[in-house]
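K.L.:
Okay, predicted coordinates and the sequence, questions at the end:
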Amino acid sequence: MKHEGTIPLIVGEVFVDFTILASGVENKMRLGGVVHAARAFWATNTPYAVAAFLPDYLEDSAKDYLARFGCEQFFKLGTITGALNVIIISDVTEVADQGYEILLRDAKSVDHTPAALMGDLSRFDLALVIPGTYDVAAVLQLLPEEVQIVLDAAYDVDAVNSIEDLPRKIDTLIISTSSKLFRSEFTSNFETFAKRFSALSPQAVILKENRGGCRAYLSASGQTLNVPAYLGKTVSSVGVGDALDATYVSFLRVNRTEAVWRGAQVASCYAQTTDPDLFKEYVRRELALTMEELSALPGAFLPWEERPKHHIYLAAPDFTTVKRTAIDCALSALNYHNCFVRRPVKENGELPQGSGWSILNATYHQDVALLESCDLVFAVPTDKDPGTLVEIGIAIAQKIPVVVYDPQEECPNTMVMAGAWTYSRSLDECLNGVFDALSQRRDRQP
Amino acid sequence: MGSSGSGRFTDYPGSGKAKAGNEGGGGSIPEDRCRQAFSAQLEDVEHHPYYTKHGGPPPVGTLLGVTVAKRVVAVADGEIVGNLPTRLNYLAACINDGHAYVGRVTTSKSGPSIIVSGDFAASSP
C-alpha cells in the first residue's frame, strides 16, 4: 500500500510472547506487542516505522527482526526496566480469557528516552498507538498537531476519562469485547457505547467482537458498518487484533469502509497461521478479492448484546459429583463470549439416585421443554453420559443445531459425529460452530 | 535439561521452509490451506439449480467441482449443487489465485432432509 502522506508509525511496547502448548508440542516464542502490527504492515506491503519501548536486551534482536519485516525506521522511545517484558500465554485460541501473564509486571517501569536522543517523530502524520505501561500523552506530544491517530484501547486503558484529555485528536478508537474498558462501559447497544467517546470526536469507533465479527460506528454518516468474521481453525489468536489495526491503518487513506473489511480479512489470516511467509501468502490472495467479492461472502456475525437472546442448552452430566473439567471449560468459554447457557440440571434440579418415577418423569419433560425452547444444544458427553446422548438425539430430531465438545473423544460415533452441527475435541472448533450456527439462525430471522 | 521452542527467535521471513513440526509449535512447517483436501456437507441443496432441474440431489459418486458464485459452491455438470460451509470461505481466494478442487459425492439423501456431502482434493496452479 502506498500512502499520500508519510508512512505510518506504530507506537507501543515490544514484548516476547511465550505460548505454552500442549504436552508433546514444542512451545512457541515470538516477538509480540507492536511486532504483531508490524507483521501485518509487512504482509500488506505497507512501509512503516516503529517507535517502541522495550528492555535493553531486546533492542538489537527487535531492530533486526523488524528490519527483516520491512520496518524503515526504528525509534527507541524508552527502556523497560525491572521486567523482561515477557508474556506467558496459556490459551492461544482465546476460547476464554487468554490468561496473559506478564512476568514481573508489578516491578516494571519505563525510562523515557530524552527527546534529543530519540530522533524526530514530528514528521509522521499517521500513527497506530497501542497503549502500555508508558505515558501515552507524553508520547503523543512528540507527534505533530495534525497527526491522524488510530488508538487501540483494547488493553491498558481502563476508563474513558483516561483517554479524554490526550493532547492529540483521535481519528479512530479501536476496542475489543475482551477489554476491561468495553466490559466496564458497554451497556445496551453499540451505538450508545460508541457515543461514550464523543468527547474525543473520533471519526470512527471500531469494536472487535472476536468470533462474532466487528462493527464500526462512522461519525460522519452516523452509520454502523457490520463486518462478519470468517471463521477457520484458530492456530493463534495472539496479536490478531493488532493485525486488524495495522491493516485498517494501511487502507485508511484509501477508503475507511474498505479499511475495516480488509482489517477483518487480514486478522482472520493472522489467526490461522504463525508462519510469516504463509501469512503473507494468505494476505496476498485475500486482498486480491475485490470488495464486491469479499462482501458477498457470508460469515459469522453475532453482536455481543444479541448473544444472550440465543439460548444455549447445556447437555452434559452437569452434576456436582462427576469429572467437571470439560464441562467447566465449556461453560467458562461460553460465558466469556456472552452466551446465555441454560443448565437443565441447575434449573430443574439434580435428582438423587433412586428417585421415584414420577419425579423422573416430571424432570424429563421439564428438560425436554427447556431443550426445545433453545436455539442450540452444546453437548459435553463426559463418560458417555446416557442422558447427554439422548439429549443430542432429541435435538437432532428437532433440527436444533448440536455442537458436541468431546475432548477425550469418548463418543466418536456415527450418529453423534454426523448428526451434530459440529463435533470436535477442540473447544475452538466448537465455539466456531456455535457462532456459525447462531449467526445463520440470526440471518434467517425476519 | 534443555528447552525447546525458546532458544531464539526463528520466525523470520523465509525461515519456515527448512523446519518440521506442527503449526503453532516452535518448529513448524504448516501446510498451505489452499493445498489441503477437505470434506463438507453442502448447504441449501434444495434451493439450487441441480436439485430443481433434476428433482433430486446428485447420486453418490457424482463428480463435483468448486467455484465461486458470490458464495463458494459445489457444482456438478455445470450446475450448482449447494453452498460450501462458510468455514471454507478461504477457497474463494484460493480459486481466484488459480487453485482448483475436484471431488465426489459421498452421501446423497432425498426426503424431508436433503443431505449431500462430498470429499474434495486440491490441485495447485
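P.N.:
Arrived safely. Everything numeric in this text was worked out from a predicted model, so none of it was measured.

K.L.:
contacts and neighbour counts: CA atoms only from here.
P.N.:
Fine.

K.L.:
the strands in chain B, which residues?
P.N.:
Here chain B has its strands, by DSSP state E, at B:38-41, B:63-69, B:71-76, B:79-83, B:100-109, B:115-123.

K.L.:
Could you list the contact residues of the stretch 201-350 of chain A toward chain B?
P.N.:
Listed as neighbours of chain B in the stretch 201-350 of chain A under the rule C-alpha under 8 Å from any C-alpha of the partner chain: A:230-232, A:235-236, A:273-278, A:285-286, A:288-289, A:293, A:296-299.

K.L.:
Apply 7 Å and report the result again.
P.N.:
A:230-232, A:235-236, A:274-278, A:285-286, A:289, A:293, A:296-299 (C-alpha under 7 Å from any C-alpha of the partner chain).

K.L.:
Next one: A:Ala52 from A:Gly33, what distance?
P.N.:
Between A:Ala52 and A:Gly33 the computed distance is 9 Å (C-alpha to C-alpha, to the nearest Å).

K.L.:
and for these two, which residues touch both?
P.N.:
Common contact partners of A:Ala52 and A:Gly33 (C-alpha atoms under 7 Å, 6 or more residues apart in numbering or on different chains): A:13-14.

K.L.:
Restricted to helices, list the residues of the stretch 201-350 of chain A next to chain B.
P.N.:
Using DSSP state H, the members of those that fall in helices are A:276-278, A:285-286, A:293, A:296.

K.L.:
circling back: need the buried ones from the residues of the stretch 201-350 of chain A next to chain B selected in ChimeraX.
P.N.:
Here is the ChimeraX selection string for the buried members of these, based on 16 or more other C-alpha atoms under 10 Å in any protein chain shown:
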select /A:230,231,232,235,236,274,275,276,277,278,285,286,289,297,298,299
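
K.L.:
and residue 89, how many neighbours?
P.N.:
I'll assume chain A. The number of residues packed near A:Ile89 is 21, by other C-alpha atoms under 10 Å in any protein chain shown.

K.L.:
actually chain B
P.N.:
21.

K.L.:
and what of B:Gly55?
P.N.:
Close neighbours of B:Gly55, defined as other C-alpha under 10 Å, add up to 11.

K.L.:
in a strand, that's where A:Leu371 is, yeah?
P.N.:
No - A:Leu371: not assigned to a strand; according to DSSP: H, G, I helix; E, B strand; the rest coil it is helix.

K.L.:
Quick check: it touching A:Ile312?
P.N.:
No - here A:Leu371 lies out of contact with A:Ile312, judged by C-alpha atoms under 7 Å, at a distance of 8.4 Å.

K.L.:
centroid residue for chain B?
P.N.:
Centroid check for chain B by C-alpha atoms, centre = their mean gives B:Phe38 as the closest residue, at 4.5 Å.

K.L.:
Spit out the contact partners of the residue lying closest to that one once chain neighbours are set aside.
P.N.:
Among residues not flanking B:Phe38 along the chain, B:Phe120 sits closest, at 5.3 Å (C-alpha to C-alpha, 6 or more residues apart in numbering or on different chains). By C-alpha under 7 Å, 6+ apart, the residues touching B:Phe120 are B:37-39, B:101-104.

K.L.:
Please indicate which of those are buried?
P.N.:
Neighbour-count burial (16+ other C-alpha under 10 Å) is assigned, among these, to B:101-104.

K.L.:
Let me have those residues in JSON lines, adding pLDDT and distance to chain A as columns.
P.N.:
Formatted as JSON lines, the buried ones among the contacts of B:Phe120 follow (pLDDT from 0 to 100; distance: C-alpha to the nearest C-alpha, whole Å):
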{"residue": "B:Tyr101", "pLDDT": "98", "distance to chain A": "16"}
{"residue": "B:Val102", "pLDDT": "97", "distance to chain A": "20"}
{"residue": "B:Gly103", "pLDDT": "97", "distance to chain A": "19"}
{"residue": "B:Arg104", "pLDDT": "98", "distance to chain A": "18"}
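
K.L.:
next one: stretch A:42-55 to chain centre, how far?
P.N.:
Remark: stretch A:42-55 is offset 21 Å from the chain centroid, using C-alpha atoms, centre = their mean, to the nearest Å.

K.L.:
Now do the same for it: mean pLDDT, whole number.
P.N.:
Computed over stretch A:42-55, the mean pLDDT rounds to 97.

K.L.:
Any idea which residue is closest to the centre of chain A?
P.N.:
Short answer for chain A (C-alpha atoms, centre = their mean): A:Asn210, at 3.7 Å.

K.L.:
how deep is residue 114 tucked in, by neighbour count?
P.N.:
Going with chain A. Per other C-alpha under 10 Å, the neighbour tally for A:Pro114 reads 11.

K.L.:
could you do chain B instead?
P.N.:
B:Ile114: 16 surrounding residues under other C-alpha under 10 Å.

K.L.:
repeat for the one 4 residues further on
P.N.:
If you count neighbours by other C-alpha under 10 Å, B:Gly118 ends up with 22.

K.L.:
Quick check: it vs chain A, distance?
P.N.:
Note on B:Gly118: its distance to chain A, by C-alpha to the nearest C-alpha, to the nearest Å, is 13 Å.

K.L.:
Number of residues surrounding the closest residue to that residue other than its chain neighbours?
P.N.:
With C-alpha to C-alpha, 6+ apart as the criterion, B:Gly118 has its nearest non-adjacent residue at 4.3 Å, and that residue is B:Val105. The local packing of B:Val105 (other C-alpha under 10 Å) involves 23 other residues.

K.L.:
And for the one 10 residues further on?
P.N.:
Other residues near B:Ile115 number 17, with proximity taken as other C-alpha under 10 Å.

K.L.:
Mind exporting the C-alpha coordinates of stretch A:137-155 to CSV?
P.N.:
The C-alpha trace of stretch A:137-155 is given here as CSV (Å, rounded to 0.1, in the frame of the first residue of the first chain):
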residue,chain,number,x,y,z
ALA,A,137,0.1,11.5,26.4
ALA,A,138,3.8,12.2,26.7
VAL,A,139,4.4,10.2,23.5
LEU,A,140,1.6,11.9,21.6
GLN,A,141,3.3,15.3,22.4
LEU,A,142,6.1,14.2,20.2
LEU,A,143,3.9,13.8,17.2
PRO,A,144,2.7,16.8,15.1
GLU,A,145,-0.6,18.6,15.9
GLU,A,146,-2.3,17.4,12.8
VAL,A,147,-1.3,13.7,13.1
GLN,A,148,-4.0,11.2,12.5
ILE,A,149,-4.1,8.8,15.5
VAL,A,150,-5.6,5.3,15.5
LEU,A,151,-5.7,4.3,19.2
ASP,A,152,-6.2,0.7,20.2
ALA,A,153,-7.8,0.8,23.6
ALA,A,154,-8.1,-2.9,23.9
TYR,A,155,-5.5,-3.1,26.7
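
K.L.:
Report the distance from that stretch to the chain centre.
P.N.:
23 Å.

K.L.:
ok, residues contacting that stretch?
P.N.:
The contact list for stretch A:137-155 (C-alpha under 7 Å, 6+ apart) reads A:121-131, A:166-176, A:179.

K.L.:
Can you mark which positions in it are buried?
P.N.:
Of all the residues in stretch A:137-155, those buried under the rule 16+ other C-alpha under 10 Å are A:139-140, A:142-143, A:147-154.

K.L.:
so of the residues you listed, which ones are in helices?
P.N.:
Among the buried residues of stretch A:137-155, DSSP H puts A:139-140 in helices.

K.L.:
Where is pLDDT lowest across the buried residues of stretch A:137-155?
P.N.:
Per-residue pLDDT puts A:Ala154 lowest of those, at 79.

K.L.:
and the gap between it and A:Ile206?
P.N.:
According to C-alpha to C-alpha, A:Ala154 and A:Ile206 sit 11 Å apart.

K.L.:
How about A:Ile87?
P.N.:
In this view, A:Ile87 and A:Ile206 are 26 Å apart by C-alpha to C-alpha.

K.L.:
my guess is A:Gly33 meets A:Val14, correct?
P.N.:
Yes - contact criterion C-alpha under 7 Å: A:Gly33 and A:Val14 qualify, at 4.8 Å.

K.L.:
does B:Pro57 really touch B:Tyr51, like I thought?
P.N.:
Yes - with contact defined as C-alpha under 7 Å, B:Pro57 and B:Tyr51 form a contacting pair (5.4 Å).

K.L.:
That'll do, ta.
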